[in-house]
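# Provide a 3D model corresponding to the input given below.
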Amino acid sequence: MTSPGLFATDRQEPLYAGGEQEQLESWLDYHRDTLLRKCEGLTPEQLRSRSCEPSTLTLLGLVRHMAEVESWFNDDPADGAVPPIHYSQDNPDGDFHDVADADIEADEATFRRCVERSRAFTAEHRDLGAVLAHRRSGEGIPLRWIYLHMIEEYARHNGHADLLRERIDGATGD
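As a prediction, the model looks like this:
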């Protein structure tokens, strides 16, 4: 079994009122915690299970991928890009695929660290129109777009997590 409390979360409902950034943050946190909830209580074998074959997706792979994706909040033109954690140019899908021998507790800790790094970054960047990243074309990407993209990324992958978890042990729901 996993360690007690592994992937535990105290997910809160998103805000229905408040400032725009606070609402974006609450929706993003809701989706972050939903991913953790999908992993909670599973064994290492289950977290590594490719339960929707022929897909190679695993719940652990999704957690590792989302740790990587959190770097959207940290690719600040002033600070430079955050280096990859689980993938490389030679292994572009390492976050998804290299789970067989992965240290699950370390991967969870890395995910949580990446989320906290993102929260610290956004606490310092309160202008949703500020350009904080650039497309390869050179076009600026404002913070608002990054929030929306991250919510979409989590929501899409949480749909994958729903299917994976249901195939593993029948658990459904958000």
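
# where does pLDDT dip in the chain?
Residue ranges of the chain with pLDDT under 70: 1-4, 75-80.

# could you redo the last one with a cut-off of 80?
Flagging of the chain using pLDDT under 80 yields the residue ranges 1-5, 75-81, 174.

# surely residue 149 and residue 31 touch.
No - with contact defined as C-beta atoms under 8 Å, residue 149 does not count as touching residue 31 (12.0 Å). Heads up, the C-betas are built off the backbone N, CA and C, glycines and all.

# between these two, which is the more surrounded one?
Neighbour count, other C-beta atoms under 10 Å: between residue 149 and residue 31, residue 31 has more, with 22 against 14.

# residues in contact with that one?
Residues counted as contacts of residue 31 (C-beta atoms under 8 Å, 6 or more residues apart in numbering) are 151, 154, 155, 158.

# and the gap between the residue most central in space within the chain and residue 139?
In the chain, the centroid-proximal residue (C-alpha atoms, centre = their mean) is residue 66; its distance is 2.8 Å. Distance of residue 66 to residue 139, given as C-beta to C-beta, to the nearest Å: 24 Å.

# now the one helix or strand residue 27 maps to: buried residues?
Element membership for residue 27 (DSSP states H and E) is helix 20-39. By neighbour count on 16 or more other C-beta atoms under 10 Å, the buried set for helix 20-39 is 21, 24-39.

# what packs against the helix or strand that that helix is followed by?
As assigned by DSSP H and E, the chain's next helix or strand after helix 20-39 is helix 44-47. Applying 3 or more C-beta pairs under 8 Å, 6 or more residues apart in numbering; DSSP states H and E, one finds that helix 44-47 makes contact with helix 59-69.

# quick check: angle from the helix it packs on to helix 20-39?
Between the axes of helix 59-69 and helix 20-39, defined by axes from the mean of the first three to the mean of the last three C-alpha atoms, to 10 degrees, the angle is 160 degrees.

# so what's the gap between helix 59-69 and the chain middle?
On the basis of C-alpha atoms, centre = their mean, to the nearest Å, helix 59-69 sits 6 Å off its chain's mean C-alpha point.

# what does that helix contact?
Under C-beta under 8 Å, 6+ apart, the answer for helix 59-69 is 32, 35-36, 38-39, 42, 46-49, 84-87, 95-97, 99, 102, 104, 107-108, 110-111, 114, 150, 153-154, 157, 160-161, 164-165, 168.
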